[in-house]
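J.: give me a model of this one.
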Amino acid sequence: MTSPAPEWEQRMADLWGAFDDHDPQVFLGKVEALTAELPPGDAVGEYELASAHDSIGNEAEAADHYRRAFAAGLPEARRRQATIQYASTLRNLGRAEESVALLTAEREAGSDELDDAVTAFLALALTDVGREREAAGLALGALSRHLPRYNRSLANYAATLTQNNPAD
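T.: Alright, predicted model coming up:
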């Protein structure tokens, strides 16, 4: 599988940068036109279509495109983003347990600049399955790394919330 050309990537980035300037259906049409320049079933194209559908509230269509993107071998540079987005879509579709499982596995799979995003979306999914205390602990733990003071105290309180989760 080859990656799209840098100029294609730039046009897609520019389109996303102007998202708020477009009517949702016009935006989707522009994404569809750009992705049509890629080979049919291209993983990046499917990911971009999924993202566009997600962004305009078409979660069911987005889920289909995410699954196709993963199946087509989505490059690692986009895989984690797609996992976060797909898990959020599943939660919005009422499939929070699947979202929790996907994001829990993602938290254990590795670490990068998206760690806190994974944790934040996991916290959302946990609230939907009745695990609010654990969700608060995860969210506070992620937040504790970004505070100018009280990092250690907040991290300890967050750990207490997640360790004393009655759902476990």
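J.: could you chop the protein up by domain?
T.: The record's domain parsing of the chain by automatic domain parsing lists 1-74, 96-168.
J.: least reliable of these going by mean pLDDT?
T.: Ranked by mean pLDDT, the domains of the chain bottom out at domain 96-168, with a mean of 91.
J.: quick one: secondary structure of the closest residue to residue 63 other than its chain neighbours?
T.: Of all residues not flanking residue 63 in the chain, residue 89 sits nearest, at 5.2 Å (CB to CB, 6 or more residues apart in numbering). Glycine gets a C-beta too; all of them are placed from N, C-alpha and C. Under DSSP: H, G, I helix; E, B strand; the rest coil, the three-state class of residue 89 is helix.
J.: ditto for residue 41
T.: Going by three-state DSSP: residue 41 is coil.
J.: that one contacts residue 72, doesn't it?
T.: Yes - here residue 41 reaches residue 72: they are 5.7 Å apart, a contact under CB atoms under 8 Å.
J.: these two: which is more packed in?
T.: Higher neighbour count among residue 41 and residue 72: residue 72, with 16 against 11, using other CB atoms under 10 Å.
J.: other residues contacting stretch 24-41?
T.: Identification of contacts with stretch 24-41 by CB atoms under 8 Å, 6 or more residues apart in numbering yields 4, 8, 11-12, 15, 19, 22, 42, 44-46, 48-49, 51-53, 55-58, 68, 72.
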